[in-house]
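> Have a look; sequence and predicted model below, questions after that.
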Amino acid sequence: MNAVEIEQAVTALAEQAFEPEEFPYAFLQAFGNKETTIKRLRKGESNKSDLGGVLQANHIHIAVCPPGEVPQTFAALKASPATTRAKARFVLATDGTTLEAEDLSSDDAPIACAYPDFPNHFGFFLPLAGITTVRQIRESSFDIRATSRLNRLYVELLKDNPEWGTAERRHEMNHFMARLIFCFFAEDTNIFNGAGLFTKTIETMSTKDASNTHEVIEMLFRAMNTKDAERAAAGIPRWAAVFPYVNGGLFSGSTATPKFSRIAQRYLLYVGNLDWTKINPDIFGSMIQAVADDEERGALGMHYTSVPNILKVLNPLFLDDLRAKLEEAGDNTRKLLNLRNRMAKIRVFDPACGSGNFLVIAYKQMRAIEAEINQRRGEPTRRTEIPLTNFRGIELRDFPAEIARLALIIAEYQCDVLYRGQMEALAEFLPLDAQNWITCGNALRLDWLSICPPTGTGVKLHADDLFGSPLDQAQIDFENEGGETYICGNPPYQGSREQLSEQKDDLARIFEGRTASWKTLDYVAGWFMKAAEYGGHTNAVAAFVTTNSICQGQQVPLLWPVIFQTGHQIAFAHTSFKWSNLASHNAGVTVAIVAISRTPKQFRRLYSLSANGSVAIRDVHHINAYLVPAEDFMITPRTKSLAELPEMSYGNYPGDGNHLTLYSTDRTEILSRRPDLSGLIRPVYGAQEFIKGLSRYCLWIDDDDLPLAESDPEVARRIAEVYNTRTSSRDKSLNKLAVRSHQYRDRNVAAQRLILVPTVSSERREFIPTDLKPARAVTTNQAFALYDAPLWNMALVASRLHLVWIATVCGKLETRYRYSNTLGWNTFPVPTLTEKNKADLTRCAEDILLAREVHFPATIAELYEVKDGISQMPADLREAHERNDEVLERIYIGRRFRNDTERLEKLFALYTEMTAKAPPAKGAASRKRLT
């Protein structure tokens, strides 16, 4: 269950009549407990309570008590030995009138509230559902509750008004929802004349069957779009005339409203009765967006861009510098004034703004700094000099674009109330500004210089395609001239395989003629190129959240030379981290943050995660395209190992139509009647076989053994099928192989041992899976092989050092690590190893193998499994890997590396040193040991 689904279930529980005996089980069901779990608790099989309540081990101890005894029962739960023994995280006591609860593992204050109000605290209990982003959700509990109810209203209205869900009227429907959101906020924040005025008016003037509710709302919208002096002539009734003139484009145009059923009316009144003073414009936009997006509604509540994550972009981009200047200014009124004047000119531009999260947070952070300036200058109620129209955005879809503007308006009002007082804020809030400074359109086809120009004049939108140009163009001059421009955002990431034809066209317009093979670039690359073009005309810094794949593998030499040719360099970066959401278990995509500028500071800041999860910050002289503090260069494939390591070969390509491949049942069937053929059957390993422990075999027939093989009808049939496959193929190279249809295309085998490395493996594992197999084993083209290489080579492959190198220079297939012998193994820089080094590493490899053996028959997949972000490796196997890393890393620098960034820095430095001595060699590795 996601956060919204849980909130709905909790709310439904609170609205039902309180049943003391059923409450604990219904509460646990609301947080996703399965019926089988509930049955075991009911029967007492897993209920460990010593107070007559319900105790779920490791989770919660719940007790229902007689009226008025909640405090005593709550104290008893906390003191209960069973609570301690069962390691219960939460305790909860209720009598159906009040409720108290506490998280025993946290320093957060306990909950004490009226029973009907406990859904307001649903975020407090989300660890019960395995959701770990609790603090973020708790801070946005209202936004989630509001979104849930708005979604119900939206779906119900479309059910009753299906024509409003068509493409022709979807924009009108979304605009209607934006109007409602504003009215709910306005009636609870005294913008309207009286608390709850909008909702109460609808409730009073509507008939019981809701048949005229749409007419009532239409009249209210008309009133808010009509100036006071014109209302009598416009026929605005007295009950609607009490609403202020709002305008600002929000209520202009059609006031048509979908018709309401009684159910829809009930949802509307419920949403209106929520406390909208709690709305958080930092994130409510993305939550509301889910209401109107068919795809996102299916995962309602899963999308959340946390404020801390957004600040990972905004702080180093410009906010840290503003705060530093504030600290430097102290109480010097002249310096404070200069800083305030500077801030008034700053332009923040998000060319993929969605519902405005980045812009809203940037605005609120700047208002906080400005408020501190005004306080120090003795002007605490001074009107802000930071104009909303300096916060520009582009968004492809109309509803998020409208919500972004609305979010900024609400943020401005909330800041005015916070820093200047309610009276001053109200006096200047209405009517709204009619200007539209959030542009709806395709950011990769629009002229950014026109939307966010380097000067404040001549602002007119231009598109590459006139018919693709949006009609509602942002044509607003900046209020203050000559300021800095900061570009930020979280553009869409789509990899090349996920891109629609329109998105391919977008990239073609940008990259054709600039770089070869641009079709393999992620979609987000288009924003970096547009930012570089923009930076060529004005002194701007751009920082985007991006898939880390544009800084890895094959995309690096395609994208970054083109960016660097514009004169841009990487100004700061945050290496890979999870951009999490509200899903259970905190799932998320792995991203990086990269900033580019033509005038970066002398020291560039590099952020990276340490082993303990903390953020390490370093000031470095340069950051290259791999996000490593090293000079700019591109890793290219080599035919031979830079470190003179043994040759790693690509596995054997069968080209047999799967006819020479045998499953266990096939092998058993053949050998049961022809045991003399055992020498012709060998175990075969691709990535899946040795990672998941699957059993497969193959017919491995030397030319001399062909008569023996064909003496068995089943084997002869299989050879004939291979012949048919190869002769009928359109692949001419396979046609030529028909003459030896009893064999794989490739015939690489070992004499003593075989070290396997998969071509693709899960990015969740902490180490690249590698294994040792006997000489008879055959590897397929789904793995690479070191034939008869010394065992210490396995220690290299199994190291953390090698994993971070592969992840960086080879890149990924979708999200999985993609191995390459020519690009990963042959380029891997290794210092000259002494015989003692090799002996130590050999022992490390043996220890890893022995530790695995202890846990037989556990597979590689099971031994290295990661669940919910936590490694499931057995302790002895982890210790073996730790020793391996300890030995290897001491060879490199005499100690363990602090984090992966430091590992890469050393590897790149060593790579530079070694390539200076050895000429590069490109091409594919040769194949050996044909037998």
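Now that the structure is in, tell me what you want to look at.
> Output the below-cut-off pLDDT ranges for the stretch 101-250 of the chain.
For the stretch 101-250 of the chain, the stretches flagged by pLDDT under 70 are 131-143.
> let's go with 80 and repeat that
Low-confidence segments of the stretch 101-250 of the chain (pLDDT under 80): 107-108, 130-149, 193-194, 247-249.
> where do the strands sit along it?
111-114 (DSSP state E, counting those that start in this stretch).
> so where do the helices sit in it?
Along the stretch 101-250 of the chain, counting by DSSP state H, counting those that start in this stretch, helices occupy 134-139, 141-160, 167-188, 197-205, 213-224, 231-234, 238-241.
> outside of the fifth one, which residues touch it?
With contact meaning Cβ atoms under 8 Å, 6 or more residues apart in numbering, helix 213-224 is reached by 179, 183, 198, 201-202, 205-207, 231, 234, 236-237, 240-241, 243-247, 250-251, 255-260, 264-265, 268. Backbone N, C-alpha and C define where each C-beta goes, glycine included.
> returning to that earlier point: can I get the helices of the stretch 101-250 of the chain in JSON lines including mean neighbour count and distance to residue 442?
Listed next are the helices of the stretch 101-250 of the chain as JSON lines, based on neighbours: other Cβ atoms under 10 Å; distance: least, Cβ to Cβ, whole Å:
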{"stretch": "helix 134-139", "mean neighbour count": "18", "distance to residue 442": "31"}
{"stretch": "helix 141-160", "mean neighbour count": "21", "distance to residue 442": "26"}
{"stretch": "helix 167-188", "mean neighbour count": "19", "distance to residue 442": "16"}
{"stretch": "helix 197-205", "mean neighbour count": "18", "distance to residue 442": "36"}
{"stretch": "helix 213-224", "mean neighbour count": "22", "distance to residue 442": "30"}
{"stretch": "helix 231-234", "mean neighbour count": "12", "distance to residue 442": "39"}
{"stretch": "helix 238-241", "mean neighbour count": "14", "distance to residue 442": "39"}
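> would you turn the ones you listed into TSV with distance to residue 56?
Shown next, in TSV, are the helices of the stretch 101-250 of the chain (distance: least, Cβ to Cβ, whole Å):
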stretch	distance to residue 56
helix 134-139	18
helix 141-160	23
helix 167-188	37
helix 197-205	39
helix 213-224	44
helix 231-234	60
helix 238-241	53
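> starting at the chain centroid, how far to the helix or strand harbouring residue 61?
Using DSSP states H and E, residue 61 maps to strand 60-64. Centroid separation for strand 60-64 versus its chain: 36 Å, with Cα atoms, centre = their mean, to the nearest Å.
> Okay, now the sheet partners of that strand, with direction.
strand 54-56 (antiparallel), strand 90-94 (parallel) (DSSP bridges).
> right, so of the ones you listed, which gets closest to residue 745?
Among the strands paired with strand 60-64, strand 54-56 comes nearest to residue 745, with 57.8 Å by Cβ to Cβ.
> That closest one - what's its average pLDDT?
The average of the pLDDT scores along strand 54-56 is 94.
> Same check on stretch 316-326?
97.
> follow-up on the earlier one: relative to residue 425, which of the helices of the stretch 101-250 of the chain is closest?
Residue 425 sits nearest to helix 167-188 of all these, at 12.2 Å, using Cβ to Cβ.
> Please enumerate the strands of the stretch 401-550 of the chain.
Taking DSSP E, counting those that start in this stretch as the test, the strands found in the stretch 401-550 of the chain are 438-440, 485-489, 540-547.
> rank those strands by mean pLDDT and give me the bottom one.
When I compare these, strand 438-440 is least confident, with a mean of 89.
> Centre of the chain to that one, how far?
Its chain's C-alpha centre and that of strand 438-440 lie 24 Å apart, by Cα atoms, centre = their mean.
> That strand pairs with which strands?
Partners of strand 438-440 in the sheet, by DSSP bridges, are strand 391-395 (parallel).
> and the partner strand, average pLDDT?
For strand 391-395, mean pLDDT is 94.
> With stretch 800-815 instead?
For stretch 800-815, mean pLDDT is 81.
> and if you look at stretch 629-643?
The model assigns stretch 629-643 a mean pLDDT of 89.
> before we move on, what about stretch 666-676?
Mean per-residue pLDDT for stretch 666-676: 95.
> list the buried ones in that stretch?
If you call a residue buried by 16 or more other Cβ atoms under 10 Å, then stretch 666-676 has these buried ones: 666-667, 670, 674.
> Could you single out the nearest of those residues to residue 645?
Nearest to residue 645 among these is residue 667, at 34.9 Å by Cβ to Cβ.
> Could you export whichever strand or helix holds the closest one as CSV, CA atoms only?
Assessed by DSSP H and E, residue 667 sits inside helix 664-673. The C-alpha trace of helix 664-673 is given here as CSV (Å, rounded to 0.1, in the frame of the first residue of the first chain):
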residue,chain,number,x,y,z
SER,A,664,18.7,-31.6,-16.8
THR,A,665,15.9,-33.8,-18.0
ASP,A,666,17.4,-33.9,-21.5
ARG,A,667,20.8,-34.9,-20.2
THR,A,668,19.3,-37.6,-17.9
GLU,A,669,17.2,-39.0,-20.8
ILE,A,670,20.2,-39.3,-23.1
LEU,A,671,22.6,-40.8,-20.6
SER,A,672,20.0,-43.3,-19.3
ARG,A,673,20.2,-45.1,-22.6
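> which helices and strands does it pack with?
Judged by 3 or more Cβ pairs under 8 Å, 6 or more residues apart in numbering; DSSP states H and E, helix 664-673 is in contact with strand 681-685, strand 696-699, helix 713-728.
> Nearest to residue 501, out of these?
Closest approach to residue 501 among those (Cβ to Cβ): helix 713-728, 32.9 Å.
> can you state the direction angle for that closest one and helix 664-673?
With axes from the mean of the first three to the mean of the last three Cα atoms, to 10 degrees as the basis, helix 713-728 and helix 664-673 are set at 130 degrees to each other.
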